[in-house]
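Fold the following for me, if possible:
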Amino acid sequence: MYFCVVQKQKEVADAMIEPIEAMTPQGFPTSEAVRAAYVQGEEAVLALVGTLIALILNLQARVNALEDQLRNNSRNSSKPPSSDGLQKPRTRSLRTHSDKKRGAQPSHEGHTLHAVVQPDSSQLLSSIVEPVGPLCRTWPPSAYERRQVFELPLVRMEVTKHRAEIKHCPHCGQRLRSPCRPLLATQNNGYRLQILMSSVS
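Numbering: from 1, shown residues only. The predicted model follows:
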């Protein structure tokens, strides 16, 4: 009777071990070690389980470390932006949802362009494109519809010519020349143009 019970327990242990025998990772006990611990009794099984728990904790720590490396990018670590690759983190707006409507609010003081009394220039639009008779085109207007356009003036290059006087003294024979501006060559860029060129370059 005792032999039959032991034989049955051995068959159960073999049935549990065989499916995982082919995928036993490195460091885990083999099927023979598990079978031997089962035959030896409770103390051997507890020792084997303690070894397995230590290995599982070690593997879990390694998995957590690898997951942390995958989550690291240029925004939450010291990695350069070039290491993000195509899986760049999606930027999210820090703005929160508001119940206010878009555009100016009721308490906002509006600002708009106001017509000026004396414009810099004036243009008369007298061309009528509507199909009318020849007498309608020669008839004087009864009113004018006014519009004003605010525009920046055109930027025009201003060139200043500098002439330095040269004189010959008839008494001493020396050639006298008035001093030009410092560092003035034949053609030069002015100070304002140099500042503009440096700001847009």
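
Okay, strands next: where are they in the protein?
Ranges of strands in the chain, per DSSP state E, are 166-168, 175-177.

Which one of those lies nearest to residue 190?
strand 175-177 (22.9 Å; Cβ to Cβ). All C-beta spots, glycine's among them, are computed from the backbone N, C-alpha and C.

Adjacent strands (with direction) for the closest one?
strand 166-168 (antiparallel) (DSSP bridges).

contacts for the partner strand?
For strand 166-168, the external contacting residues (Cβ atoms under 8 Å, 6 or more residues apart in numbering) are 174-178.

export these to TSV and tack on distance to residue 52 and pLDDT?
Rendered in TSV, the data for the contacts of strand 166-168 read as follows (distance: Cβ to Cβ, whole Å; pLDDT from 0 to 100):
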residue	distance to residue 52	pLDDT
174	108	85
175	106	83
176	106	80
177	101	78
178	101	74
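
export the residues you listed to JSON lines and tack on neighbour count and distance to residue 143?
Shown next, in JSON lines, are these (neighbours: other Cβ atoms under 10 Å; distance: Cβ to Cβ, whole Å):
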{"residue": "174", "neighbour count": "8", "distance to residue 143": "76"}
{"residue": "175", "neighbour count": "8", "distance to residue 143": "73"}
{"residue": "176", "neighbour count": "10", "distance to residue 143": "70"}
{"residue": "177", "neighbour count": "9", "distance to residue 143": "67"}
{"residue": "178", "neighbour count": "9", "distance to residue 143": "63"}
